[in-house]
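> below are the sequence and a predicted model for it; my questions follow.
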Amino acid sequence: MGRTIPSFRISSVIEEKEWKSFRNSLDKSDRKIFDQMFSLVHLYNSASSNTAKPIRIQPIVMSIIFHHYKQLAKLAKGFKKKRSNCKSTRASIAIMSVERLLIRDTREFLICCLA
């Protein structure tokens with residue numbers, strides 16, 4: 001039997017090509033960042049292929065959000081470690097403030113993306 005929906009790996013390449021005009025309108029430095037962002041999708045090809053969603057952009061966006069969430073969680077863990085090792089009260093308070101902002105902004109971003 002033939003597939004009615006192409007594999008996710010192929011679909012993600014097609015989707016990336018459809019975003020080419022947007023990419024080309026970005027500054028050179030932003031193009032590099034855009035390419036890096038889209039390359040994150042390939043890390044989660046196997047998970048995305050199991051979604052079987054005909055709308056290609058959904059698993060692509062979820063892959064990017066998930067990867068960034070993992071990085072933010074790692075940063076938050078690093079902040080907690082620095083805070084516990086910090087001897088200065090001022091520095092500890094500054095680290096806590098950054099940590100709270102990071103968590104709040106991440107939560108708001110995820111709510112906007114998943115709404």
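Structure received.
> quick one: contacts for Ser7?
Applying C-beta atoms under 8 Å, 6 or more residues apart in numbering, we find Ser7 in contact with Ser49. C-beta here means a position set from N, CA and C on the backbone, and glycine is covered the same way.
> phi and psi next, for it.
Dihedral pair for Ser7: phi -60, psi 160, per degrees, to the nearest 10.
> now it: how far from Ser48?
The spacing between Ser7 and Ser48, counted by C-beta to C-beta, to the nearest Å, is 10 Å.
> go on, Asp27?
Applying C-beta to C-beta, the value for Asp27 to Ser48 is 29 Å.
> of the two, give the one with the bigger neighbour count.
Ser48 (24 against 8; other C-beta atoms under 10 Å).
> okay, the more buried one: pLDDT?
For Ser48, the pLDDT comes out at 78.
> same check, this time on the one 10 residues further on
The predicted structure scores Gln58 at 79 on the pLDDT scale.
> and it, which helix or strand is it part of?
Mapping Gln58 onto the secondary structure by DSSP states H and E places it in helix 57-85.
> name the helices or strands packed onto that helix?
Packed against helix 57-85, as judged by 3 or more C-beta pairs under 8 Å, 6 or more residues apart in numbering; DSSP states H and E, are the following elements: helix 8-18, helix 28-39, helix 45-49, helix 89-114.
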